[in-house]
Structures are given as structure tokens and as C-alpha cells.
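Asks: got a sequence here, can you model it:
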Amino acid sequence: MTTADEQARVRAERARQVALFRYRLIQDVIDVRLSSRQRGSLVQAIADREHDGPFGEKVTVSRQTIDRWCRWWRAGGFAALVPQPAQVHARTPVEVLDMAAGLKRENLARTAAQVARILRASSGWSPSERTLQRHFERLELHTPAPSHLAQAEVFGRFEAERPNQLWVGDVLHATVVAGRKTYLFAFLDDHSRAVMGHRFGYSEDTVRLAAALRPALSSRGVPQSIYVDNGSAFVDSWLLRACASLGIKLVHSTPGRPQGRGKIERFFRTVREQFLIELSTPGSRPVADLAELNRLFTAWVETEYHQRPHSSTDMAPLARWRHQLPSPLPTPSPAALREAFLWSEHRTVTKTATVSLHNNLYQVDQVLVGRKVELVFDPFDMTDIEVRHHARSYGLAVAFRIGRHSHPKARPEHVAIDPPPVGIDYLNLIGAVHADTLSDRVNYAALTREGDQHNQQPEQDQRQQR
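Replies: Model prediction:
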């Protein structure tokens with residue numbers, strides 16, 4: 001990858017982080033159930049406090065900016081929140097920018113204003129502070145966030161008021177199957193304690209998380225909020241993109257302060273005490289693979305856990321979840337669900353109208369030459385790539401060279417299992433054959449003696465006749 005392509009990829013990733021930060025701020029404001037007064041109070045509260053910016057810095061956002069982001073989101077969805085690069089031509093001498101970068105690297109705590117003051121004092125002139133800020137952002141020279149600032153309070157609720165208002169997600173380090181450790185991803189409805197989705201897997205990653213969440217959204221509907229911790233799978237930008245596509249508010253618990261997570265932790269305790277313990281009981285048949293483990297767990301959830309009254313609600317979890325839900329239950333369309341769970345990466349189209357993605361080469365529309373495009377794909381099928389530019393689809397990319405059919409992070413669950421023995425011991429078999437051969441071998445010495453005796457007998461007979 002050339003330096004220009006790498007810089008374009010970095011800019012695209014930074015633009016996506018900015019869009020995710022914008023959505024994170026407005027995800028409460030865009031709730032259609034809010035009145036104008038409630039929305040205005042919420043916007044004012046957001047504007048009055050500092051926020052952790054997309055790159056770790058502390059920022060404040062005005063009411064006008066929040067309202068503008070909301071209008072963009074209503075008009076174009078998540079794609080409208082992605083900032084577009086300004087088409088400007090560099091007018092600042094390279095030597096000055098290099099000097100500014102050197103001053104910043106000497107001490108990352110220096111602000112753009114401080115660097116500008118130093119340049120003016122040394123040479124009598126300096127670029128604007130905004131020019132320096134953009135230059136530092138391109139070089140990823142970030143000012144470290146102050147460590148003494150306290151983190152903001154996070155969402156917490158003793159119990160959600162209705163079903164599908166809040167789902168709580170987490171992962172349990174579980175048992176060993178086929179020689180490998182398994183992990184259970186699960187999502188629990190906070191109001192009813194019903195299990196919305198679950199999946200055992202061999203990895204604690206986003207692919208296994210999606211395998212638990214996607215069927216849940218398809219069959220149980222779309223929750224208003226999802227509350228998770230700060231594990232690597234839950235902070236992946238893929239999850240925020242999926243929630244943004246479906247209009248779900250994603251909330252992370254503050255490290256060290258897991259308020260609101262007691263229900264799913266209690267559920268995992270029940271899983272250990274009532275399900276996993278049976279797998280390790282002496283005399284129980286070992287679980288052969290993940291498919292069997294997931295089948296057994298589904299049977300336990302649906303026939304045991306969901307049917308027994310919960311100690312906190314005195315109602316069966318599934319019955320309480322169904323009690324206040326509309327009928328039929330609104331669920332996302334297959335197209336909307338597929339779009340939410342697609343992955344995407346940005347690339348710059350070469351002069352030959354091709355793009356590369358993880359050792360694969362694709363042909364795209366020639367009108368996109370030199371432009372940065374978004375490649376949207378299923379992580380398990382990289383032969384089917386959709387090309388987008390400024391939220392407009394340019395059709396499917398034509399696979400020119402395929403070296404990888406799935407994304408590097410999309411690791412399959414298949415485990416190499418030794419084939420069962422067929423009952424043939426080759427070495428012992430040829431040993432037995434060799435022993436049989438020895439027992440049946442012809443005694444050539446005996447045959448020689450018998451032949452001599454047979455030849456001597458006619459000679460004796462001839463002498464007697466004479």
C-alpha cells in the first residue's frame with residue numbers, strides 16, 4: 001500500500017470515529033417519543049458539559065451543532081454524520097509545518113496555540129491555530145487527556161419499566177469442549193430477565209458477539225438501549241455501527257463501576273450452577289462439539305429457565321417479557337438487519353480502477369479512479385463486495401484475484417478432530433504375515449537330501465542287475 005493510500009485510510013478511519021462520536025452524543029436526542037420541551041432540556045444538558053472527544057480530548061458542543069447533527073441524521077442516517085474532507089490546497093510552506101510538528105513532538109502537551117506562539121517568536125510568522133491543529137491530526141500527534149479528570153456518570157437503572165427498553169449483554173468464560181475453552185455471549189432483557197439471545201463460541205470476539213445478537217434482534221425485536229461492559233468485543237466500532245444503523249442506544253459501563261450489571265451476572269451464576277455443572281458431572285456424556293453445546297443450552301433456556309418463576313419478579317421470564325409487548329412484535333426487515341451487520345473498510349481506487357482488500361484484488365467502476373470508496377461486505381464472504389462513495393452505491397466489485405475468502409477476524413469455529421480409528425494396526429498386520437511366511441517356508445536342505453537319496457536309488461538298482 002502506498003503512502004497516499006495509507007493516509008487516505010487513516011483519514012477515513014478518523015472520519016468514521018468522528019461520526020460515531022456524533023451519534024453517541026445525539027442518540028438520546030433523536031428519540032421520536034420525546035416532546036419538544038424534553039428534547040430541548042436534553043440538548044441543553046449535553047451542551048453544558050464536557051465530553052470525551054473521538055480522539056481522547058475533552059470537547060464541548062454547542063446547541064446549534066447538536067441540532068445540526070440531528071438534522072443530518074434524520075436526512076441521511078449514520079452516513080450523513082461522517083465528515084467529508086475539505087478540498088483545499090496547501091499554502092503553508094512545508095518547512096514551517098515540519099518545524100511545527102517538531103515542536104509538537106518535543107512535548108505533546110503543547111497546544112496548537114502554544115506552537116503558533118513559539119513560531120511567531122522565532123520567525124515572526126505562524127500559520128493559524130486551526131491549520132496547525134489539522135496538521136497535528138493528520139500526523140496523529142494528539143495531546144494526552146488529563147488523567148485527573150473524573151469520568152462521567154453512566155446510565156443505570158434498577159429495573160427497566162417495560163420489555164425491550166433495555167438489554168444487558170456480557171460474556172461468560174465457560175467450559176472446555178473438544179479441547180478448547182468456550183465463551184458464552186448472552187443478552188438479557190432487564191425488565192423480564194428473559195434471555196434475548198445467546199451463543200457459545202471458541203473466541204471472545206465480535207463475530208461470536210454478532211452470532212448471539214443478530215438472531216435476537218430478528219426474533220425478539222429491537223431494544224431501545226443495549227448496556228454492555230468495556231470488553232474488546234463490546235467496544236469494537238462494528239457494534240456501534242450496527243446499533244447506529246438500527247437506532248439503538250449503546251451504553252458502556254464505567255470501568256470499576258458495574259452498576260446495572262447485577263442481573264446478567266446473576267444469570268451467569270445460574271448458568272454455572274444449573275447448566276454447566278451438569279456437563280462436568282461424573283458419568284455424563286462429554287459434549288462433542290459447539291453445535292451440541294448450543295443445542296443443549298437452548299433446550300435448557302427454553303424449557304427450564306424461561307418457564308420457572310424468577311425470584312425477583314415472581315413471574316416466568318418469557319411470560320413477563322411477552323406481557324406488555326404489542327402483537328405482532330415489530331422486528332427489523334431482513335434487509336435492514338443485513339445492512340446493520342455488514343463490515344466496511346475504506347480504500348482509494350488505483351489508476352487501473354482496482355482496489356485491494358486483505359490480499360484480494362477487485363475491479364470497480366472507472367469513474368471512481370482516484371477516489372476514496374467504502375467497501376461493504378459480509379466478513380465471511382469477501383467475494384461479494386459492494387462499493388459505495390458518499391453513501392451512493394456503485395454496484396458490486398468484480399473479483400480479480402481472491403486470496404482470502406473471509407476477513408482475518410472472521411475465524412471459523414471448526415476444530416480439527418482426529419478421525420476415529422478403523423481398527424487396522426498396519427505394523428502388527430505385516431508382522432503376522434511375516435510370521436506366517438516363516439512357518440510355511442520350504443526346507444531346501446531337506447529337499448536336497450531327499451533328492452540325493454532319490455538319485456542314488458537307481459544307481460544301486462543298476463549295480464544289482466549287473
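Asks: low pLDDT regions in the stretch 301-450 of the chain?
Replies: Along the stretch 301-450 of the chain, segments meeting pLDDT under 70 span 412-450.
Asks: hmm, 50 instead?
Replies: Along the stretch 301-450 of the chain, the parts satisfying pLDDT under 50 run over 415-420, 422, 424-426, 442, 444, 446-448.
Asks: residue ranges for the strands of the protein, please.
Replies: Applying DSSP state E to the chain gives strands spanning 51-52, 58-59, 166-177, 180-189, 195-201, 225-228, 249-252, 343-348, 354-357, 360-363, 372-378, 381-389, 392-396, 398-401.
Asks: among those strands, which is nearest residue 269?
Replies: Between residue 269 and those, the shortest gap by C-beta to C-beta is with strand 166-177, which sits at 9.6 Å. (Each C-beta comes from the backbone N, C-alpha and C, glycine too.)
Asks: quick check: buried residues in that closest one?
Replies: 166, 167, 168, 169, 170, 171, 172, 174, 175, 177 (16 or more other C-beta atoms under 10 Å).
Asks: identify the residues contacting stretch 295-308?
Replies: 184, 194, 195, 198, 200, 270, 274, 275, 287, 316, 317, 318 (C-beta atoms under 8 Å, 6 or more residues apart in numbering).
Asks: count of neighbours near the fifth one?
Replies: Here the number of neighbours of residue 200 (other C-beta atoms under 10 Å) works out to 26.
Asks: list the contacts of it.
Replies: 174, 177, 182, 183, 184, 290, 293, 294, 297.
Asks: one more time with 6 Å, if that's ok
Replies: By C-beta atoms under 6 Å, 6 or more residues apart in numbering, the contact set of residue 200 is 182, 184, 290, 293, 294.
Asks: which one of those residues is nearest to residue 29?
Replies: Within these, proximity to residue 29 (C-beta to C-beta) peaks at residue 184, which comes in at 34.7 Å.
Asks: who's in contact with that closest one?
Replies: Neighbour list for residue 184: 172, 174, 200 [criterion: C-beta under 6 Å, 6+ apart].
Asks: possible to save those as TSV with pLDDT?
Replies: Listed next are the contacts of residue 184 as TSV, based on pLDDT from 0 to 100:
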residue	pLDDT
172	95
174	93
200	96
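Asks: out of those residues, who's nearest residue 79?
Replies: Among these, residue 200 lies closest to residue 79 (C-beta to C-beta), at 34.5 Å.
Asks: from residue 61, how far off is that closest one?
Replies: 41 Å (C-beta to C-beta, to the nearest Å).
Asks: cool, residue 332 as well?
Replies: 30 Å.
Asks: how does this structure divide up, domain by domain?
Replies: Split into domains by automatic domain parsing, the chain comes to 3-81, 104-138, 166-323, 342-401.
Asks: now these in TSV, with distance to residue 410?
Replies: Output for the domains of the chain, formatted as TSV (distance: least, C-beta to C-beta, whole Å):
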stretch	distance to residue 410
domain 3-81	19
domain 104-138	31
domain 166-323	5
domain 342-401	4
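Asks: tell me, what residue is most central in this structure?
Replies: By C-alpha atoms, centre = their mean, the chain has its centre lying nearest to residue 206, at 2.2 Å.
Asks: OK, contacts around that one?
Replies: Residue 206 neighbours (C-beta under 6 Å, 6+ apart): 233, 236, 238.
Asks: ok, now residue 47?
Replies: Neighbour list for residue 47: 62, 63 [criterion: C-beta under 6 Å, 6+ apart].
Asks: and the gap between it and residue 219?
Replies: Separation of residue 47 from residue 219 (C-beta to C-beta) stands at 39 Å.
Asks: tell me how many other residues surround the residue nearest to residue 220 when sequence neighbours are not counted.
Replies: Nearest non-adjacent residue to residue 220, counting by C-beta to C-beta, 6 or more residues apart in numbering: residue 196, 4.7 Å away. When neighbours are defined as other C-beta under 10 Å, residue 196 has 25 of them.
Asks: read off the pLDDT value for residue 196.
Replies: Looking at residue 196, its pLDDT reads 96.
Asks: could you pick out the longest helix of this protein?
Replies: Across the chain, the longest stretch assigned as helix under DSSP state H is helix 3-26.
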